[in-house]
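S.K.: fold the following, please.
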Amino acid sequence: MECLTCLNLSGERRISPGPYIYQGESWVVDHAYPTSHPGWLVILPRRHIEALHELSKEEFQELAEIEYKLVQAMHTDPAVQKEYMMCFAEGQGFHHVHIHVVPKPANLPEHLKGPRIFELLKVEGEQALSAEALTAFCEEFTRKLQAVR
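M.R.: Sure, this is the predicted structure:
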């Protein structure tokens, strides 16, 4: 089965039109795409794994540090009420472990709360963030992330 995450990480077929937000030893942070929700981030292990138990202790430690910094940077936006974090790695072409980190705004409609927020990934064309808007978001968020200690 073709791994879309591996193709993305190799640069062969990028998923997001924006730049990576973080590139570490074992992990990369990208922006999900297409989506209408700015800030929907995805943490990707550099190596192909399909289950969390395949991670080393060192990879888990780096992951925890990244998760901490991402949610702290998200929380600098006063519109963000809380952050969602999910890991399923079950989608067609996406068995490669990946962790979604999603800002939940205070005004999120009831029908999109909890796991239903994934509806915001089911957009196409003009409903999705433009490549320019997404790139601007990624660049600004990278600056916020670098300020987190």
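S.K.: specify the beta-bridge partners of Asp30.
M.R.: For Asp30, the beta-bridge partners under DSSP bridges are Val42.
S.K.: relative to Leu121, how far out is it?
M.R.: According to Cβ to Cβ, to the nearest Å, Asp30 and Leu121 sit 13 Å apart. Every residue, glycine included, has its C-beta placed from N, CA and C.
S.K.: for the residue lying closest to Trp40 once chain neighbours are set aside, list the residues it contacts.
M.R.: Spatial nearest neighbour of Trp40, excluding adjacent residues (Cβ to Cβ, 6 or more residues apart in numbering): Ala32 at 4.1 Å. Residues in contact with Ala32 (Cβ atoms under 8 Å, 6 or more residues apart in numbering) are 15-16, 40-42, 100, 121.
S.K.: for Ala133, see how far away Ala32 is.
M.R.: 14 Å.
S.K.: again with Asn107
M.R.: With Cβ to Cβ as the criterion, Asn107 and Ala133 are 19 Å apart.
S.K.: correct me, but Tyr22 touches Glu67?
M.R.: No - Tyr22 lies out of contact with Glu67 (Cβ atoms under 8 Å); the separation is 11.0 Å.
S.K.: point out where the chain drops to low pLDDT.
M.R.: For the chain, no stretch is flagged by pLDDT under 70.
S.K.: strands of that one, start to end?
M.R.: Ranges of strands in the chain, per DSSP state E, are 22-23, 27-31, 41-45, 80-86, 99-105.
S.K.: would you reformat these as CSV and include distance to Gly11?
M.R.: Below are these laid out as CSV (distance: least, Cβ to Cβ, whole Å):
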stretch, distance to Gly11
strand 22-23, 12
strand 27-31, 11
strand 41-45, 13
strand 80-86, 26
strand 99-105, 21
